[in-house]
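# sequence below, structure please.
(2 chains)
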Amino acid sequence: MSSPLADRLDHGVASGIDASASAPAAEADDNQVSNRSSQPPAVRKLPPPESSADTRRRSLVVASFWFIVLCLGLPIWWKTTTIYRANLPLSQMTDWADGKTCSPVFPLQVSVEAPALQDGEAQNLMRITQYALETMTDFPGYRLQLEMPQTTTADQTTDPSRESNTALTIRLQPGDVAASTLHPHLPVLEVTYPPSSIPSPESSSNGFATYLATQLRSTFAEEQAIMSYLLATSSIPSDQQPQGSSLDTTESLSKRMTRSLKYSGTYHLTFSLFTSGPAPSSWDIEAAIDQYMKPVLDMLKPIHNFTIDTQVQLYAAPGVHSQVLSKEDLSSFINAAEWPLSPGIGGAPTVNFVVFTGNQTIGMDSETETSQSWLIPQWGSVYLLSPPPATHVPSDLLKQPILTFTSHLLSLLGTPQSGSLPMRLSTLTRIRSADLLLRASSSLGSLARLSLALPSISIPSSVADGVAKSMHHLELACANLGSTESLEHARIAEAEAERAFFEKSMVGQLYFPDEHKVTVYLPLLGPVGVPLVMGLLSELKAWRQRRQQKAKLS
Amino acid sequence: MNHGKMHLQETAGLYATAAALRLALFTLFPALPDLLTGRVEISTPVTSFKRLQEGLFLYNHNVSPYDGGVYHQAPLLLPLFSLLPDPSAYPIFTYVLYIMVDLLSAHALYKIAESGEAASSRLFTSARKDRRWSGYVVAAIFLFNPFTIATCLARPTSVFTTCAILHAVAKAIYGTPFTAMLSLSFAAYLSMYPILLLPPLVLLAYDRQHASNRILSLLQFAGTNVAAASVSLGALFAVSYLLTGSWEFMSSTYGIQLTLNDLTPNVGLWWYFFIEMFDSFRSFFLGVFWLHLSSYVGGLSIRIRSQPLAVVTLLLGIFGIFKPYPSVSDASLFFAMLPLFRHVFPLMRYSFLTASVVLYSTFLGPAFYHLWIYYGSGNANFFYAITLVWSLGLSLLVSDMTFAVLRDEWEVERPEMVGKEIRQI
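Below you'll find the predicted structure:
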């Protein structure tokens, strides 16, 4: 850009303008040497010697350019290209990623209510059962802590959810045979026992205690399987992981986990009624949601918030037109191009629930089975409603769809399938906390590895802030694992870690190898650097020659 | 006094014709001023009349004019323009103001030309000094230059800078260094880059001091003048501070030129370069570009020490190419100074090429911009390519003039070489 001008100023013009009156072959390549004038003037005419004032002026011009380069250019270069790297607590971050700081092993409290037993007997039973639990080799990752409730054992009205850390209550009742049932609505395991099976204070093992331990294990088996699946897919090295899930459960779990949505504090639920024709054109969705879905949403409140909107779309053509939908058709049934199902509005992920009225049916393998709905992983669910007689869909017709949607919502949220709803939800809280903890830790670990692997990447202070916040919340989450606060802390920790990792100014530099710097500096070094350096070199050469001449003369 | 009166009589006809032409254009083509105001070739983010209106509106409603990030011009322009009636209702007052500024610039140019400083300065007298245009011709060339007329119609605030620079030069030549410094500090206050003209201007003023109160030491003279310039600049800043109530104007006016946050296309070389630049190198290259712009000041002032006016002219040409937000008004200032050096015109080697390149880019530039922005059939490269050609034309002219001035100097040293073929080694 600057080359012709800078060159002329700094090099050419400064060194004087030379004339060669005759042939261009007579090249006066060295105008400093004037003592060759003995040669015939017809062949070569040399310029007269430069005056000392000219030489001095030329040196000054060269010096003025170099003055700017050295006194202003170099400091600017240094200041603007120094990479700012905020200090990251790298070893702590790696510790988190390796699970050394905190491994998500949840201490679960199981309280035992045995109104019919003496205190001593009950204590003894607990001791033996606890021992039996601890000796079970294939049940790691959990510390089940049996305890007697502090209040009087006879108090049947004790609210099981009073203490958030009590995961399960065992109610022992005398009966004919040893049998157990899970309470359908409360996290309570009701166990009957033949009075004869109560162990004597001296015995160290007992059939009933072992039975109790096995029951407890099977109650928590699913949660444990999910936990070990999470740990297996996390960044924690395998020798630190509790072992134990078989291969086929891992497979079914991975299917379930990929189906569920990524955790978010708030989900947006969109209920859509699509009709193939002009009717029905209205529906009682608000009442139906209030009646059939609201209770579950209320129970989910400690874990998730929900926002809801609804829409009705007439003359909506589905993506597949065949009368009987085969299994393959289901994936293309949603007409994504035409149906107004917008993805995530306002940050919260959207869960779509589509009721489609038309006379299409789902073809099943066997003739007798019928089905009306299917779940689309990480997206939502679809319910085929046979056309109602009127243009208005009353809320009782919507009962089945909404109940189906509710159960689909639970599985989209990753809720375990066994147990009563309160138990499933408390399990969900623990699973989600563990999941978020592991994600946050692994993001921190990746960030630590990244900053070690790319020494030229700049780390803004906002990243360091995010890391510090994330680790603070991780510690808080770890301090009271299993509670809803821990879930909240884990959520913040995960969000901060993600934000730090995906810092905008760093992402751009991920793909900026050192070779690119050559292409950045070359346009500068070429046109600006060459005249500068050449000017300086010729100036130095001339200075040396002058000194030599002086030495010769003297 | 008598002399000045004679000037006025001589030039009154010229000024009247120029003013009438401008007024006619303003009134006969009422859409023309607004059309030209929108042209990126004339209005840059730091000079645009439209942006001035925005700042004026905010200022008149007691909001900081720099809120919203549209207005990037000096705060003192605001009270001046708020004295005028609303330009959309009574545009004539604005027109008259801009015409007056153009005439003042022409008058300064007239005085510069009449002084004959271009061809014979204190340290150097050209062998061709008789070959020159009178001030009348030089002022006429400035006033009837289509670039100047277009600039006047588009009403960018760069005309005030032009006027201040020309007056600074004229005052320096007529031996009133402090007025020159005051004028230069106005120019620097309005658009920052003229502060780089300080060294050659001090040299010019030093050479043209009145014999009666000469200061012999260059250092002493430079010291007092730089102090005078700093004091007047400081006073301008202080008034601006009192006017706006904060120092915010510094970052919004000069900061925007230093950091180039507004990447609106213009005829210069910066915008495209910094659109493409990697973010991590952006500040480094901003430094490089500014240093490049200012590095010529020292070299030229030393090399052509004997002709400070030539240095000022060459620097104005260089600024017109390499400054952050150049426009054709900068080119018109350079073209206004160029006729002062008529004596070196025969020594220029690429006059035809330069003229063709400048004309070529003048006609194709708006066309390519139209293709890019309005038809969408071209892209940014179209317009950038034509601005490269424009800058090439101007830099050819600047380097050709440098060559001619140096050759003229050399021919005085070596009279036997006049008219001979030479080669640069």
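# so which residues on chain B come close to chain A?
Residues of chain B lying close to chain A by C-beta under 8 Å from any C-beta of the partner chain are B:269, B:278-281, B:283-288, B:291-292, B:294-296, B:298-300, B:302-303, B:305, B:318, B:322, B:395, B:398-399, B:402-403, B:406-407, B:410, B:414, B:417, B:420-425. (Glycine included, C-beta is placed from N, CA and C.)
# and those, which of them are buried?
When the residues of chain B next to chain A are checked for burial by 16 or more other C-beta atoms under 10 Å in any protein chain shown, the buried set is B:269, B:280-281, B:284-288, B:291-292, B:294-296, B:298-300, B:302-303, B:305, B:318, B:322, B:395, B:398-399, B:402-403, B:406-407, B:410, B:417, B:422, B:424-425.
# name the helix or strand of chain A that has the lowest mean pLDDT.
strand A:17-18 (a mean of 42; mean pLDDT, DSSP states H and E).
# buried set for the very next helix or strand once past it?
Sequence-wise, the next helix or strand downstream of strand A:17-18 (DSSP states H and E) is helix A:52-68. For helix A:52-68, the neighbour count (16+ other C-beta under 10 Å) marks A:55, A:57-58, A:60-66, A:68 as buried.
# closest to chain B among the residues you listed?
A:Ser64 (3.5 Å; C-beta to the nearest C-beta).
# secondary structure element for the closest residue to that closest one other than its chain neighbours, which one?
Among residues not flanking A:Ser64 along the chain, B:Gly298 sits closest, at 3.5 Å (C-beta to C-beta, 6 or more residues apart in numbering or on different chains). Taking DSSP H and E as the definition, one finds B:Gly298 inside helix B:279-303.
# again, but for B:Ala238
helix B:218-244.
# by contact count, what packs against that helix?
helix B:177-191, helix B:198-207 (3 or more C-beta pairs under 8 Å, 6 or more residues apart in numbering or on different chains; DSSP states H and E).
# off-centre distance for the last one?
In terms of C-alpha atoms, centre = their mean, to the nearest Å, the gap separating the centre of helix B:198-207 from the centre of its chain is 17 Å.
# quick one: the closest residue to A:Arg449 other than its chain neighbours and B:Ala187, what's the gap?
Spatial nearest neighbour of A:Arg449, chain neighbours left out: A:Thr94 (7.9 Å); criterion: C-beta to C-beta, 6+ apart. With distances taken as C-beta to C-beta, to the nearest Å, A:Thr94 is found 60 Å from B:Ala187.
# now A:Ala221
84 Å.
# ok, now A:Glu147?
A:Glu147 is 86 Å from B:Ala187, by C-beta to C-beta.
# quick one: residues contacting A:Leu444.
Contact analysis of A:Leu444 by C-beta atoms under 8 Å, 6 or more residues apart in numbering or on different chains lists A:93, A:96-97, A:467, A:470-471, A:497.
# mind running it again at 7 Å?
Shown in contact with A:Leu444 (C-beta atoms under 7 Å, 6 or more residues apart in numbering or on different chains): A:93, A:96-97, A:467, A:470, A:497.
# for the residue positioned nearest the centre of chain A, which non-adjacent residue is closest in space?
Chain A has A:Glu498 as the residue nearest its centroid, 5.4 Å off, counting by C-alpha atoms, centre = their mean. Excluding the flanking residues, the one nearest A:Glu498 by C-beta to C-beta, 6+ apart is A:Ser443, at 5.8 Å.
# picking that back up, buried stuff in the helix holding B:Ala238?
B:221-222, B:225, B:228-229, B:232-233, B:236-237, B:240, B:244.
# returning to what we had before: tell me the mean pLDDT for the host helix or strand of the residue nearest to the centre of chain A?
Using DSSP H and E, A:Glu498 falls within helix A:484-501. For helix A:484-501, mean pLDDT rounds to 85.
# which strands or helices does it pack on?
helix A:421-453, helix A:461-479 (3 or more C-beta pairs under 7 Å, 6 or more residues apart in numbering or on different chains; DSSP states H and E).
# identify the residues contacting it?
A:164, A:265, A:302-303, A:429, A:432-433, A:436-437, A:439-440, A:443-444, A:446-447, A:463, A:466-467, A:469-470, A:473-474, A:476-477, A:480.
# could I get that helix in CSV with only the CA atoms?
What follows is helix A:484-501, C-alpha atoms only, in CSV (Å, rounded to 0.1, in the frame of the first residue of the first chain):
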residue,chain,number,x,y,z
THR,A,484,-33.4,-29.6,45.7
GLU,A,485,-30.9,-26.9,46.6
SER,A,486,-28.2,-29.1,45.4
LEU,A,487,-30.0,-29.4,42.1
GLU,A,488,-30.3,-25.6,41.9
HIS,A,489,-26.6,-25.2,42.6
ALA,A,490,-25.6,-27.9,40.1
ARG,A,491,-27.7,-26.2,37.5
ILE,A,492,-26.0,-22.8,38.1
ALA,A,493,-22.6,-24.6,38.1
GLU,A,494,-23.4,-26.3,34.8
ALA,A,495,-24.6,-23.1,33.2
GLU,A,496,-21.5,-21.2,34.3
ALA,A,497,-19.1,-23.9,33.2
GLU,A,498,-20.8,-24.0,29.8
ARG,A,499,-20.6,-20.2,29.5
ALA,A,500,-17.0,-20.2,30.4
PHE,A,501,-16.2,-22.9,27.9
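# gap between that helix and the chain center?
On C-alpha atoms, centre = their mean, the centre of helix A:484-501 falls 10 Å from the chain's centre.
# same check, this time on stretch A:331-347
So, by C-alpha atoms, centre = their mean, the centroid of stretch A:331-347 is 23 Å from its chain's centroid.
# can you spell out the domain ranges of chain A, please?
A:3-17+A:28-81+A:516-553, A:97-101+A:422-509, A:106-225, A:262-412 (automatic domain parsing).
# can you check which of these gets nearest to B:Leu314?
domain A:3-17+A:28-81+A:516-553 (9.2 Å; C-beta to C-beta).
# verify the stated contact: A:Ala116 with A:Pro174.
Yes - look at A:Ala116 against A:Pro174 with C-beta atoms under 7 Å: they come within range, at 5.1 Å.
# about what we covered before: give me the mean pLDDT for the helix holding B:Gly298.
On average, helix B:279-303 scores 90.
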